[in-house]
Every structure is written in structure tokens, then in C-alpha cells.
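Q: Generate a structure from the sequence data that follows.
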Amino acid sequence: MAAGRHRQECCGAGFRNGVSALVLLALCVRPGTAQQDRVSATLRYGSGLLDVPVATVLPHLTVTATYSGFGLSGRWTRGSIRPGGGRDGGGKGTQWLSDGSVAIGLFDRLEAGATLQHFAEPRDGGTLVGGFGRLSLLPRSLERLHLAVGTRYVTSPSFGDPERAGFQPNRLGYPDARVTGDPPGLREFRGNLSPYVVATAELPGLDAVPLEYSMTLSAGWGGGLFSAGSDLDFYREATTGGLFAGSALHLTLGAAARMSLMAEFNGFDANAGVRFDFGGIQAGAFSLGMNHDGSSGFRSRKFGLAGSIAVCAGELGLCRRRPDAPADTVTLPAPPPDTVIVERSMELPVTAGTPVTLCLPTGDNVQVWVTEAGDTLVGPGRVSLDALGPGVVLAGSYAEGRDWFDDAEAIEFAGRSYARRGTPARADCGELERVGRQDGVPIFADRGAAPPFDFLYVPVRPGLWTRYENELK
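A: Model prediction:
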């Protein structure tokens, strides 16, 4: 017992040190726009790491389907209950355990789904059925920090004997007749309902590193399977009383491929895994219980495989990571006929006018000069734009003068409605990228943002842009 308490104290100290290290790392990373990384799926309970949830939720109408399985070698007990109270099917051996789940995101705020665990006959514990949900709490304007509450529910195994009650699901998702709600002389084991609260930070990579990457850090507390069973010797080797934490490093491998390296502690087990995302189709491998000594099925290392598919209704297909150059971005031709290169000079000195940078719908920043009289001067010689005649304009298509803009109508983009917000203002083309068109007018979003976009930007006239906001945001 003393050794068990020592292990528990060491584990608790290690957890506290680990959380402190995550906080220090978060403070050292440079500020910037979060990449909104969505780690696609836990083994059984929707988006997250392996068994640890994250505070982000799936985007609106994004659906994921996941399969996972792992090999269990060691002492385990399952099977029907004999009349005398004994159990058939117990012993030591190897088996492969499988789980399946589906999840959907709603309104960028809620994620819900269902899970099936341990496909087996009733006499062997049966298939455990569950559901899960998570609600995001913080406003979307906090791009890099998230907070959520959620819960998981799993039915109890019956072992083919509905008259006997009290069996409880365990953290590995398979029936074990030793796990009961009222173990003799010990605290109650309640594993059906597992509520939790979790916080997640999304951190962009450092500019000094040549590889494109980002990180997610999560920590939280949960009841139910996150903490139940802390006094069962065969069930736990160390426990934190429901505290959990995890992190993921996301490495970009190409235009649409990404690799995620994950590590976590779920309150009992130290788990690690790797996952590859090939444009909405994911596959990976993992190891559970890396901190255990192998003395029981729960206290052993387990290796497994997982795969999932993510479908985005707004894109009418797989959820693909959008490359830096969107698929609907067009390569602009040479300057149009009405764009001129000014080579003659005016009588005004070259110092006349105040320099102003204009972001044009072509995606280019251009410099002009504005005089005290309000004239716009262009070209090396600073020639008045008005003096060049009405046929010469700055390149690009603009919203001003079009009915939908003049009437302040909402615009539809990727299945969502965006409402006009504020008055026209200047923008920096270096912070925007083109994502589509509206009635021939190019539409831009924040560079590096992932769909569904919170904001869209529409050019009104040269140098002035209007912002449109996602009405579901």
C-alpha cells in the first residue's frame, strides 16, 4: 500500500510539473493568428487526442466516423456469471478490442455523437453503447484559447444476466466482471457518466523554424471514468483524481497532408500516438498505458490502430486542409488594357503628396500619393489620376455600384450567410488572401484562416474594403 501511495504522489507531482511546463511554453510562443487546428477524433468520443478531450468542437455540419482497435494481453476477466457467483471466461490471453463512433459539429459551438464499444455476445458482456457531447463556452474572437464543458455516457455490461446489477464500464471500453459499482470495502465505482471541463490553447509555430507546424495544449478535470477506480489495485497503478492533460504537435507535410504527434495522461494512463491526415482521411497508430508494469490487463501497455473520415457539408465532400493558394484562386494575367504605366512627369515636384498604400482586388499593395487638394498621384512621376482621363482606373473589380452592395444585402458563401459590418476601411493585402467571387467581385479572407471563415472582405473602391461577418459566428 505504501508503494502504491508513493507512486500516486509521484504521479501527482509529475502532472503538476507537466501542467506548469505547458503554461511556460504557451507564454514563450510568439503571438499570432491561431491555426484553429482540429485534432479529428479520439478513439471513441469525438474530437480530441486519444482519450483526452479538447475544448474545440467540430465546425458546423462536419461529420466524422472513426474506428479504433487495440490488442490486450494480460490478465482479464469477462464472460457469463455462473449460478454460484463465479465467472466463466476469465484468465490470461490476448484479444483484439474494437470501437466505433460518429460525431457531428453544430453551429461551431456544439459537438455530439454516439459510440459502440466491444462488439461481443451478451454472455461476454455485450456491446457497450454510449453518447457524448461538448459545448464551447468562449467567444470565437479568442482565436487561440478555448474552454468547454462536456460529458460521456456508456451503458453497463450485463454478462447475459439482467438480474444482476452493478457492473460498470471501464476506461478501456470493454466489459470486465471485476469492475462493479460497489466493490467490497472500497469506494463506489461510477463509470456510466463522465462529465468534464477542459481548456485548450492553440499555438502557431515559430518563424525561426523552417518547418511549418503548430501545437495544441489541453488540460482539464473529469469525473466518472476519469477518476473512478482510483482505489482498485488491479485497475490502477497511479491516478490524479480526475485531472488530465495532453498535447499535440502538428506538422505540415504538403499542400493537404499533415502529421500529428500526440501525448496525454488521462488520469490513469500515459498514452501516445501518431496520426496522418490525407485531406479528410486519417490513419494512425497509438500506445496506451505506457506507464504501466504489465501486472493486469488494465495495468499493461497496449498497441492499436485507428482510422477516421471527416466530411464537411459546406464543401460537399471530405474536409481537406486548405493550401496557402486556395483552389478557386485564379492566376491574374498581365495588367489589363486600361492599366497604364506612367512615364511622363508633371510640373509638381516629386515630393508632392502624402504616400498612401492601397490594397487592390488583385491582391497587390500599390503606393499612391494624395495631395492637399485631394488629387491622387500615381506612377514614378506622380501624375494625377484625373489628368489621365476617365478610361484609366486602378485595376480590379469593385462592389460599389452593384445592387447587392448598395442595398446592404447579405452575401452567401460556402453555404453560409455573411452580413455587412461597419464602414469601408483600408486593408493590407499581406494579411488577406482570395477565397472566391461574388457577382464578379473577388472575396478575401484573413490569410491562414480555415473555413468556415468568421469574416470575409469585399473591395468597395480602390483601397477601401468592407467586412462581412458570419451570421452563425
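Q: what's the average pLDDT for stretch 205-225?
A: Regarding stretch 205-225, the rounded mean pLDDT is 89.
Q: Alpha carbons of it, as PDB, please.
A: Provided in PDB are the C-alpha atoms of stretch 205-225 (Å, rounded to 0.1, in the frame of the first residue of the first chain):
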ATOM      1  CA  GLY A 205       4.900  27.800 -34.900                       C
ATOM      2  CA  LEU A 206       7.900  30.000 -34.500                       C
ATOM      3  CA  ASP A 207       9.100  31.900 -37.600                       C
ATOM      4  CA  ALA A 208      12.700  30.800 -36.900                       C
ATOM      5  CA  VAL A 209      11.800  27.200 -37.500                       C
ATOM      6  CA  PRO A 210      11.900  26.300 -41.300                       C
ATOM      7  CA  LEU A 211       9.200  23.600 -40.900                       C
ATOM      8  CA  GLU A 212       5.500  24.600 -40.900                       C
ATOM      9  CA  TYR A 213       4.000  23.400 -37.600                       C
ATOM     10  CA  SER A 214       1.600  24.300 -34.800                       C
ATOM     11  CA  MET A 215       0.800  22.900 -31.300                       C
ATOM     12  CA  THR A 216      -2.300  22.300 -29.200                       C
ATOM     13  CA  LEU A 217      -2.100  22.100 -25.400                       C
ATOM     14  CA  SER A 218      -5.100  20.900 -23.300                       C
ATOM     15  CA  ALA A 219      -5.800  20.300 -19.600                       C
ATOM     16  CA  GLY A 220      -8.900  19.700 -17.600                       C
ATOM     17  CA  TRP A 221     -10.700  17.700 -14.900                       C
ATOM     18  CA  GLY A 222     -13.300  15.000 -15.200                       C
ATOM     19  CA  GLY A 223     -15.400  12.700 -13.100                       C
ATOM     20  CA  GLY A 224     -16.700   9.200 -13.900                       C
ATOM     21  CA  LEU A 225     -14.100   7.200 -15.900                       C
END
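Q: Buried ones in stretch 426-446, by neighbour count?
A: Neighbour counts using 16 or more other CB atoms under 10 Å place 427, 429, 432-436, 438, 441-446 of stretch 426-446 among the buried residues. No exception for glycine: its C-beta is placed from N, CA and C like everyone else's.
Q: Sort out for me which of the residues you listed are in strands.
A: Secondary structure defined by DSSP state E assigns Leu432, Glu433, Arg434, Val435, Gly436, Gln438, Val441, Pro442, Ile443, Phe444, Ala445, Asp446 of these to strands.
Q: Farthest-apart pair in those, please.
A: Using CB to CB, the two most remote members of those are Val441 and Asp446, lying 17.9 Å apart.
Q: can you give me the offset of stretch 194-201 from its chain's centre?
A: Distance of stretch 194-201 from its chain centroid, counting by CA atoms, centre = their mean, to the nearest Å, is 14 Å.
Q: oh sorry, the question was meant for stretch 137-155
A: For stretch 137-155 - counting by CA atoms, centre = their mean - the centre lies 11 Å from the chain centre.
Q: From one end of stretch 243-263 to the other, what's the distance?
A: Terminal residues of stretch 243-263 are spaced 15 Å apart (CA to CA, to the nearest Å).
Q: in it, what counts as buried?
A: 243-250, 252, 258, 260-263.
Q: how about TSV for those, with secondary structure, distance to Glu188 and pLDDT added?
A: Shown next, in TSV, are the buried residues of stretch 243-263 (DSSP: H, G, I helix; E, B strand; the rest coil; distance: CB to CB, whole Å; pLDDT from 0 to 100):
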residue	secondary structure	distance to Glu188	pLDDT
Leu243	strand	20	97
Phe244	strand	21	97
Ala245	strand	26	97
Gly246	strand	27	96
Ser247	strand	32	96
Ala248	strand	34	94
Leu249	strand	39	93
His250	strand	40	91
Thr252	strand	47	85
Arg258	strand	43	88
Ser260	strand	37	93
Leu261	strand	37	95
Met262	strand	32	96
Ala263	strand	31	97
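Q: now, the most widely separated pair of those?
A: The widest separation within these, taken as CB to CB, falls between Leu243 and Thr252 and amounts to 31.5 Å.
Q: can you give me the helices in the stretch 301-450 of the chain?
A: Listed in chain order, the helices of the stretch 301-450 of the chain (DSSP state H, counting those that start in this stretch) span 403-406.
Q: Could you point out which residue ranges in it have low pLDDT?
A: 314-315, 320-352, 373-393 (pLDDT under 70).
Q: try the stretch 101-250 of the chain
A: 160-165.
Q: so where do the strands sit in it?
A: Ranges of strands in the stretch 101-250 of the chain, per DSSP state E, counting those that start in this stretch, are 110-117, 128-136, 145-154, 193-204, 213-222, 243-252.
Q: Looking at those, spot the one closest to Leu358.
A: Closest among the strands of the stretch 101-250 of the chain, using CB to CB: strand 193-204, at 28.4 Å.
Q: could the strands of the stretch 101-250 of the chain be laid out in TSV, adding distance to Trp96?
A: As requested, the strands of the stretch 101-250 of the chain are exported to TSV (distance: least, CB to CB, whole Å):
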stretch	distance to Trp96
strand 110-117	13
strand 128-136	16
strand 145-154	20
strand 193-204	24
strand 213-222	27
strand 243-252	25
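Q: closest to Val460 out of the ones you listed?
A: Val460 lies closest, by CB to CB, to one member of the strands of the stretch 101-250 of the chain: strand 193-204, at 30.6 Å.
Q: Could I get the buried residue list for that closest one?
A: Of all the residues in strand 193-204, those buried under the rule 16+ other CB under 10 Å are Ser194, Tyr196, Val198, Ala199, Thr200, Ala201, Glu202, Leu203, Pro204.
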